[in-house]
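K.L.:
Got a predicted structure here, sequence first:
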Amino acid sequence: MSEDQRKSSARKLDPEVGGVDNNGFEKEADYGTTGARLSVVSNDKSIKEGEVVDRQNWDSPLEFLLSCISMSVGLGNIWRFPYTAYKNGGGAFIIPYLIVLVVIGRPIYFLEMSLGQFASYGPVKIWTLSPFFKGIGYIGMLACVITLSFYCSIIAITIYYFIVSFQTTLPWTECLEEYGKACVNCTVSNCPQFYFSQVVVQEKASIDDGIGLPNWQLTLCLAGCWIFIFFSLIKGVQSSGKVAYFTALFPYVVLIIFLVRGVTLPGSLEGIRYFIEPQWEKIYDPTVWYAAVGQCFFSLGTGTGPITMFSSYNPFRHTAYRDALIISLMDTFTSLLAGFSIFAVLGHLAFLTGEDVSVVATGGPGLVFVSYPRAIATFEFAPQLFSVLFFLMLFTLGIGSANALAGAPITILMDQFPSVKKWQMTLGACIAGFLSGLMYVTPGGQFMVTFMDYYGAGFLLYFLCTAEVVAVAWFYGLNKFIRDIEFMLGIRVGWYWIICWGTIIPIGLVAVLIYAFATATPLTNNGVEFPTYVTGLGWAIAVAAVLMLPAWGLHAASKTSGSSFSERVKNSFLPKKSWGPRAPHFRKGWEIFKTLGEMTYNIPVGDNTVAVKVRGVKERVLVTPEVNAVTIRVYNLSADATINESSGSGGLTGFLHSIISKKCHTWKIIENTFENFHISVESGAKVVNHTNGQKMYNNDYVITIKF
């Protein structure tokens, strides 16, 4: 048989069988029960599937999914998305937001999830993938700690409002004696603003003379927040996973209650119209796209490490791509549900006061602590009940995200100091978090929230997401990363992921950063500019955080071997030997899998030889990782030939035995790693007729190599 005849007789992949699915993954072709299969099997039966002996695992996949939903669906979905959408084109904002979610948010989410699950390490230790970029993990930890510190202060205010909601009369609806002489002519229109700014946070007009001392009431609420976080994380994911059942599901109950209640009130439809009415001209405004990227990052929680942390506790074969899709969809659904619920009630408030919806709708803390409490106070039936439900919902949303934010640095520290007990590390982290949060419960605390959100969290998110995608796609290598995912999940990602990771995200986020710098304006809080020295301090913090990347890179280079400094720097971009699956049996399979992917096998068929390169379904060979195994299925090498043990010189068994023992030095290393390896071949030669009339030949073989 000539080479041309061999090519023409080899079966081609049916495009209807393969292709790319809706999630951007190549579908595994279905060839019935046929298939030549090469399996490398570990004989260690004491290790369960996906188990890493020295690391916790989630008690169930559902707890992981709910924890991720609880982390991504937070306060930002309630107080940020509805107002951001309304101010940036209403219904038209949904288009850029969904585009950004699909080409930037979801790919980054899946990338971070894959890294953590593949290596079973936290946000710092995964950078054995490319040690020069270890600083990304530490910068993310810094951004995470900063975000968590002011996030918990907002939860503290939520706890305060929750407690006072049990009073017979909601305290923001009238002037009480303890409010002092400053409270005059208080009505439902102006009292909520006075109550929040002058009674609860006791906000200063400026911080030129400092931020003041902590409010004792908010300090107690802040302590309560951190106590709840401590007990949620005291046993790691085994305790936080149980909490997620409540923090992930309860907010939907309350949002639906408010939506149903809201749409029954007069004026609610006008409020919803303000939320969804598209302003199409806004789509061409770069500011809208910038807001869409910011909302996507703030909502999903990418960049700071919790996603990597959560996924590092997954079993190795967990279907992470499915969860990434579910979480991104649930995050968007929650944002829209919150928008409808909130603007329905705000529409009713506008109807009662005779004001325009644009007047009563505010963003940020003003929405949840001023506008919405003001609207709840107008309810004729049980306003206290709805107030309790609303602030309990805010608490559950906030605490779910806070647990994830706190878990990320704790995981980093536990990876660095594994001898420390989990509860001791958690206690120390919670005490430090409480102390760092005291500055946010001072009279100048709202200034500090705005300051740290802008310089310590917002800006760094763009930088972190850009850096981590560039590190993985351009330095570690997209091909390597894709093969790692293929080994872990048994699915080879399609062009959608490759284009997003390799091109769209790095270039797009660099463009966003340039736009942010070009359009930057002086930072303000309630219209008051920060002092010049405070602005300078903010940029010093941001620059110092960014410089951590090259600093840790040079540190990694100093620890890397090489004959010169430039060679050590170059080598620091290469993966360390410790990079890879943490579980020994998966690591062995991964090493074999990498070798198989780089080899071409000359398999004898009768008196001829068929060259088969092991490289995915497009080469008539599908590499499928299994539990404790690596499988190669060679599909129908020839429509007219049958491979058996007597064909060729020594048959297929003899051929494989020869390349293992003589022709491939890599396999000799593998052979020396195991004992008692054995080769067996199963074969068949019947034709399977499908309903569409296409013949699929069963000339394929099951080849098993056991060590």
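P.N.:
Received the coordinates, thanks. Residues are numbered from 1 along each chain as shown.

K.L.:
The helix or strand encompassing Leu392 - contacts with which helices or strands?
P.N.:
If you go by DSSP states H and E, Leu392 is part of helix 383-416. Packing partners of helix 383-416 (3 or more C-beta pairs under 8 Å, 6 or more residues apart in numbering; DSSP states H and E): helix 61-72, helix 75, helix 134-164, helix 216-233, helix 237-263, helix 306-311, helix 372-376, helix 422-437. Backbone N, C-alpha and C define where each C-beta goes, glycine included.

K.L.:
what's the distance between Ile163 and Ala223?
P.N.:
14 Å (C-beta to C-beta, to the nearest Å).

K.L.:
now swap in Gly527 and tell me
P.N.:
With C-beta to C-beta as the criterion, Gly527 and Ala223 are 32 Å apart.

K.L.:
Tell me who's in contact with the spatially most central residue of the chain.
P.N.:
For the chain, the residue nearest the mean C-alpha position is Tyr109 (3.6 Å; C-alpha atoms, centre = their mean). Applying C-beta atoms under 8 Å, 6 or more residues apart in numbering to Tyr109 gives the contacts Leu300, Thr302, Ile307, Ala324, Ile327, Ser328.

K.L.:
most surrounded residue in those residues?
P.N.:
Tallying neighbours with other C-beta atoms under 10 Å puts Ile307 at the head of the contacts of Tyr109, with 29 neighbours.

K.L.:
Which residue, neighbours along the chain excluded, lies closest to that one?
P.N.:
Using C-beta to C-beta, 6 or more residues apart in numbering and skipping the chain neighbours, the partner closest in space to Ile307 is Glu112 (4.2 Å).

K.L.:
The helix or strand where the one you found lies versus helix 383-416: what angle between them?
P.N.:
In this structure, Glu112 sits in helix 106-119 according to DSSP H and E. Interaxial angle, helix 106-119 versus helix 383-416 (axes from the mean of the first three to the mean of the last three C-alpha atoms, to 10 degrees): 50 degrees.

K.L.:
which phi and psi does Asn525 have?
P.N.:
phi -130, psi 110 (degrees, to the nearest 10).

K.L.:
neighbours around it, how many?
P.N.:
Neighbours of Asn525 (other C-beta under 10 Å): 18.

K.L.:
now do Lys577
P.N.:
Lys577 is flanked by 7 other residues according to other C-beta under 10 Å.

K.L.:
now it, what's its secondary structure?
P.N.:
Three-state call for Lys577 (DSSP: H, G, I helix; E, B strand; the rest coil): coil.

K.L.:
Quick check, pLDDT for it.
P.N.:
pLDDT recorded at Lys577 is 89.

K.L.:
residue contacts, it?
P.N.:
Applying C-beta under 8 Å, 6+ apart, no residues qualify as near Lys577.

K.L.:
and if you look at Pro131?
P.N.:
Taking C-beta under 8 Å, 6+ apart as the test, what Pro131 contacts is Ala556, Lys559, Thr560, Ser572, Phe573, Lys576.

K.L.:
okay, those in TSV with distance to Gly490 next?
P.N.:
Shown next, in TSV, are these (distance: C-beta to C-beta, whole Å):
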residue	distance to Gly490
Ala556	32
Lys559	35
Thr560	33
Ser572	32
Phe573	29
Lys576	26
